[in-house]
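Asks: Fold the following, please.
(one chain, ligands or ions: 1)
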Amino acid sequence: MTAGFSRIGFILAASGSAVGLGNIWKFPYVTGENGGGAFVIIYLIAIALIGLTIFIAESYIGKESRSNAAAAYQDVSKSKNKNWRWGGFQIFAGIIILSFYAFIIGWIIDYIILSFTGLPTTIKEAESAFTTLITKEIGTQITFHTVVVATMVYIGLKGVKDGIEKLNLILMPLLAIILFGLLMYSMTLDSFGKAIEFMFMPDWSKITPDSILAAVGQAFFTLSLGMGIIITYSASMSKDSNFIKSAVFVAIVDTSVALISGIIIFSFLFAAAAKSTAGPGLVFISLPLIFGGWGIFGQIIAIAFFCALLFAGITSAVSLLEPSVRYLIERFKISRIKATFITAGFIYIMGIIALLSMSEDYGTILTFFGKSLFDWMDYLTSSIALPISGFITSIFLGYFVDKNILKTKFSSHVGVLIFNIWFALIRYVVPVAILLLFLNKLCVI
Ligand code: PHE
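Replies: Sure, this is the predicted structure:
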């Protein structure tokens, strides 16, 4: 096995994984769709009660077992029963997510180039730039998808310390600088106050049960939970690190980036009197149009913005590769090179099929029950697999791991009260919350 993380390396890499497209792209548009302030409050509660609790749980499992996400549960369980080798499900869900995550990062590369060459100036142009890209420009998408997967392979081959840790050491500070710059700029806009109001003044009438499900789903996704990532990263964490402190730190960084991105994006949107409910097209249609209206200065802002998105995306993508790579190395005793190529090869092909499912030419044959393959992949992972994983992890730690061992391990880092709160959350609150949300979903359908 290659060398593990340095102490700061884990925090950096876990933050790099957590801070991704989910923060800068998805959080603002989901907030927009769910009416702003009230959703933000629910989201913060979901992060604090559910996200952070499971993050600590996954980190514990990884750190104690020091093995891949499939074997880890069995290692840590009371019974050592083979049935606890279910983690492969999580790893697989992660691989599916990475397949589409990779070509979305490809879109971002396309937009960086667009920012240099010329941004749209009318809504028609802006919409058609995006729709043309995803429905017609198969070659362009595959080219960028290839670049992204190749970059992941390059980093993945170097391993945890020389690849992942180093990458994060460079990209995370760059990301912070760009976001800070964009935030400063958005403060100079008149719309800044309106953005703050939209993000932090709750209007409860906009909240539906679906908004709550969206908040919990987003909490999982944004903290990179339910895919074996935190387990895998924690398995390479130095033995004496305080995994609870690290978890809190990562959750704070991740939430701050989401909130800051929201403020930046809504300031831009409101400056141009654009709608806050633009959905997934927010970043790829509304923003480029706004930047396009600001002339050359807008191009600079656009480049900075899409670079931030790119850096955030790449550090998350490499984290999604590692659980499968580590699993294959340990389970089948193969080299890192082989494990990396097998995983990346699968992602590469699945990604291409998924992007074809949105194209004009192949869309119909890759659409099932009214949803494109891409939509299915997103739905089955983000809305179904991640909460199921979270549910199993919470039941596992709540009932199938020796409580006294847990208590002892926690006690070197936190007091008994904190342990008891965490334990109550993982044993009762998290599983019940996830179950209720699921039942509600089923009843609605
Ligand atoms: N947490 C990342 C984000 O917010 C996405 C991600 C999901 C990364 C799953 C790894 C695993 O974008």
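
Asks: Strands along this protein, start to end?
Replies: Counting by DSSP state E, the chain forms strands over residues 367-368, 371-372, given from the N-terminal end onward.

Asks: anything in stretch 38-48 near the ligand?
Replies: No - applying CB under 6 Å from any ligand atom, one finds stretch 38-48 separated from the ligand by no less than 11.7 Å. In this view, the C-beta of every residue, glycine as well, is placed from N, C-alpha and C.

Asks: send the alpha carbons of that stretch over as PDB?
Replies: Coordinates of the C-alpha atoms in stretch 38-48 are reproduced here as PDB (Å, rounded to 0.1, in the frame of the first residue of the first chain):
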ATOM      1  CA  ALA A  38     -36.200  28.400   4.500                       C
ATOM      2  CA  PHE A  39     -34.400  25.800   2.500                       C
ATOM      3  CA  VAL A  40     -31.000  27.000   3.600                       C
ATOM      4  CA  ILE A  41     -32.100  26.600   7.300                       C
ATOM      5  CA  ILE A  42     -33.300  23.100   6.600                       C
ATOM      6  CA  TYR A  43     -30.100  22.300   4.800                       C
ATOM      7  CA  LEU A  44     -28.000  23.600   7.700                       C
ATOM      8  CA  ILE A  45     -30.000  21.400  10.100                       C
ATOM      9  CA  ALA A  46     -29.600  18.400   7.800                       C
ATOM     10  CA  ILE A  47     -25.800  19.000   7.600                       C
ATOM     11  CA  ALA A  48     -25.500  19.300  11.400                       C
END
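
Asks: Measure how far it is from the centre of its chain, please.
Replies: Between the centre of stretch 38-48 and the centre of its host chain there is 16 Å, according to CA atoms, centre = their mean, to the nearest Å.

Asks: Stretch 292-300 now?
Replies: Distance, centroid of stretch 292-300 to centroid of chain: 29 Å (CA atoms, centre = their mean).

Asks: rewinding a little: closest to Ala72 out of the strands of the chain?
Replies: The closest approach between Ala72 and any of these, judged by CB to CB, belongs to strand 371-372 at 32.7 Å.

Asks: Tell me the strands beside that closest one, with direction?
Replies: strand 367-368 (antiparallel) (DSSP bridges).

Asks: Pick the most deeply packed of the strands of the chain.
Replies: strand 371-372 (a mean of 17; mean count of other CB atoms under 10 Å).

Asks: on that earlier part again, TSV for the strands of the chain, including mean pLDDT and distance to Val40?
Replies: Listed next are the strands of the chain as TSV, based on pLDDT from 0 to 100; distance: least, CB to CB, whole Å:
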stretch	mean pLDDT	distance to Val40
strand 367-368	80	34
strand 371-372	82	28
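
Asks: among those, which is nearest Glu58?
Replies: Between Glu58 and these, the shortest gap by CB to CB is with strand 371-372, which sits at 29.3 Å.

Asks: Could you export the strands of the chain as TSV, including distance to Gly4?
Replies: Written out in TSV, the entries for the strands of the chain read as follows (distance: least, CB to CB, whole Å):
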stretch	distance to Gly4
strand 367-368	42
strand 371-372	40
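
Asks: okay if I get these as a markdown table plus distance to the ligand?
Replies: Converted to a markdown table, the strands of the chain look like this (distance: least, CB to the nearest ligand atom, whole Å):
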| stretch | distance to the ligand |
| --- | --- |
| strand 367-368 | 24 |
| strand 371-372 | 20 |
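
Asks: got the residues of this protein near the ligand?
Replies: Proximity of the chain to the ligand (CB under 6 Å from any ligand atom) is limited to residues 17-18, 20-23, 94, 97, 221-222, 224, 227, 229, 316, 319-320.

Asks: how about the strands of the chain, which one is nearest Gly156?
Replies: Sorting those by CB to CB, the top spot, which is the nearest, belongs to strand 371-372 at 28.2 Å.

Asks: residue in the stretch 301-445 of the chain nearest to the ligand?
Replies: Each residue of the stretch 301-445 of the chain has a distance to the ligand, by CB to the nearest ligand atom, and the smallest belongs to Ser316, at 3.7 Å.

Asks: How many neighbouring residues does the nearest residue to that residue once chain neighbours are set aside have?
Replies: Spatial nearest neighbour of Ser316, chain neighbours left out: Gly20 (3.2 Å); criterion: CB to CB, 6 or more residues apart in numbering. Other residues within reach of Gly20, judged by other CB atoms under 10 Å, total 27.

Asks: ok, now Ile112?
Replies: By other CB under 10 Å, 17 other residues sit near Ile112.

Asks: surely it meets Phe306?
Replies: Yes - under the criterion of CB atoms under 8 Å, Ile112 is in contact with Phe306, at a separation of 4.6 Å.

Asks: about what we covered before: report the contact partners of the residue of the stretch 301-445 of the chain closest to the ligand.
Replies: By CB atoms under 8 Å, 6 or more residues apart in numbering, the contact set of Ser316 is 16-22, 101, 224.

Asks: any idea how far Phe130 is from Phe284?
Replies: Distance check for Phe284 against Phe130: by CB to CB, to the nearest Å, it reads 5 Å.

Asks: Neighbour count: those two, which is higher?
Replies: For Phe284 against Phe130, the residue with the higher neighbour count under other CB under 10 Å is Phe284, and the figures read 25 against 22.

Asks: tell me the contacts of that one?
Replies: Here Phe284 is in contact with 107, 111, 130 (criterion: CB under 8 Å, 6+ apart).

Asks: In contact with the closest residue to the ligand within the stretch 51-200 of the chain, which residues?
Replies: Residue of the stretch 51-200 of the chain nearest the ligand, by CB to the nearest ligand atom: Ile97 (5.4 Å). Listed by CB under 8 Å, 6+ apart, the contact partners of Ile97 are 227, 320, 377-378, 381-382.

Asks: which residue packs closest to Ile155, ignoring adjacent ones?
Replies: Gly163 (4.3 Å).

Asks: so what's the one you found up against?
Replies: Neighbour list for Gly163: 154-157, 318 [criterion: CB under 8 Å, 6+ apart].

Asks: Try it again at 10 Å.
Replies: Residues in contact with Gly163 (CB atoms under 10 Å, 6 or more residues apart in numbering) are 2, 13, 152, 154-157, 318, 321-322, 336, 340.

Asks: which of those are buried?
Replies: Of all those considered here, the ones buried according to neighbour count by 16 or more other CB atoms under 10 Å are 13, 152, 155-157, 318, 321-322, 336, 340.

Asks: Touching, Val216 and Thr53? I think so.
Replies: No - with contacts counted by CB atoms under 10 Å, Val216 stays clear of Thr53, the gap being 11.9 Å.
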